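Participant: Return a 3D structure for these sequence lines:
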Amino acid sequence: MKWADYKKQITALDPIEVHEIEIIAQLIQRRLELGLTQLEVANRSGLKQAAIARLEKEHTIPRLDTLERVSHALGLRVTLVDDKQSSSESSSMEHV
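Facilitator: The predicted structure follows:
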């Protein structure tokens with residue numbers, strides 16, 4: 001099931017939790033778009049493959065330094081966006 005379909009079924013999570021899950025979904029989507037394995041992302045980020053698998057499987061939000069390392073390995077960067085911008089304009093990750 002794609003994240004967009006799954007997201008429509010979620011009713012028990014508050015908007016902040018949904019946003020946190022979306023960040024992880026973006027990382028997974030980007031890894032797949034690049035055709036990278038979890039091991040390749042781990043090698044690029046200096047983490048262990050098990051850490052990447054855990055991040056993807058459990059949909060837990062990593063520490064900021066971990067998020068930055070994985071994002072950088074995927075050609076992304078973590079940015080802060082003003083809440084007043086529309087959701088179509090804002091993104092938690094940007095291509096670098």
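Participant: for residue 77, helix, strand, or coil?
Facilitator: Put simply, residue 77 is strand when judged by DSSP: H, G, I helix; E, B strand; the rest coil.
Participant: What about it, how many residues nearby?
Facilitator: Counted with other CB atoms under 10 Å, the neighbours of residue 77 add up to 12. The C-beta positions use only the backbone N, C-alpha and C, and glycine is treated the same way.
Participant: didn't residue 53 look like it was pressed against residue 39?
Facilitator: No: if you go by CB atoms under 8 Å, residue 53 and residue 39 don't touch, sitting 9.4 Å apart.
Participant: Helix or strand: which one has the residue positioned nearest the centre of the chain?
Facilitator: Centroid check for the chain by CA atoms, centre = their mean gives residue 24 as the closest residue, at 2.7 Å. Using DSSP states H and E, residue 24 sits in helix 15-34.
Participant: The helix or strand that that helix is followed by: which residues count as buried?
Facilitator: Sequence-wise, the next helix or strand downstream of helix 15-34 (DSSP H and E) is helix 38-45. Residues 38, 41, 42, 44, 45 are the ones in helix 38-45 that count as buried (16 or more other CB atoms under 10 Å).
Participant: Not counting its neighbours along the chain, what's nearest the first one?
Facilitator: It stands for residue 38. Nearest non-adjacent residue to residue 38, counting by CB to CB, 6 or more residues apart in numbering: residue 52, 4.2 Å away.
Participant: need the contact list for residue 51.
Facilitator: With contacts defined as CB atoms under 8 Å, 6 or more residues apart in numbering, residue 51 is in contact with 42, 66.
Participant: Show me what residue 78 is bridged to.
Facilitator: Listed beta-bridge partners, residue 78: residue 93 (assigned using DSSP bridges).
Participant: doesn't residue 63 make contact with it?
Facilitator: No: assessed by CB under 8 Å, residue 78 is found out of contact with residue 63, at 11.7 Å.
Participant: neighbour count winner among the two?
Facilitator: residue 78 (14 against 8).
Participant: Could you measure from the more buried one over to residue 4?
Facilitator: 22 Å (CB to CB, to the nearest Å).
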